[in-house]
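Colleague: Give me a 3D structure for the following:
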Amino acid sequence: MKSPVVKRSIVIAGHKTSVSLEDAFWEALKEIAGGRRLTLSDLVATIDSARTQGNLSSAIRLFVLDYYRGVATAARTQAVGERIPAASPPVA
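Modeller: As a prediction, the model looks like this:
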């Protein structure tokens, strides 16, 4: 059985490192980087510099999870706002 984890080399702050992630996380990371107009290396460098513990692969997974949680929260908030009609001004 083929492992769902894909190991790729990436350059971070001028040095080459390997990162092992599931393909779905690589795709999500590319999508986020593109949306922010960053290279994949630049986004991973940002994630790397912000992590306080754990390995880089875990930090990337948590970053992607947090990103999509934020997207889901924003979508729920917008949906709720669209269903609640604006309050009418009080009648004097």
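
Colleague: Need phi/psi at residue 54.
Modeller: phi 80, psi 180 (degrees, to the nearest 10).

Colleague: list the buried ones in the longest helix anywhere in the chain?
Modeller: The helix that spans the most residues within the chain, counting by DSSP state H, is helix 56-83. For helix 56-83, burial by neighbour count (16 or more other Cβ atoms under 10 Å) applies to 56-57, 59-61, 63-64, 67. Backbone N, C-alpha and C define where each C-beta goes, glycine included.

Colleague: Please identify which of those residues is nearest to residue 24.
Modeller: Using Cβ to Cβ, residue 64 comes nearest to residue 24 of these, at 8.8 Å.

Colleague: Now that closest one. Nearest residue, chain neighbours left out?
Modeller: Setting aside the residues directly before and after it, residue 64 is nearest to residue 28 in space (Cβ to Cβ, 6 or more residues apart in numbering), at 4.7 Å.

Colleague: which residues touch that neighbour?
Modeller: If a contact means Cβ atoms under 8 Å, 6 or more residues apart in numbering, then residue 28 has 64, 67-68 as its contacts.
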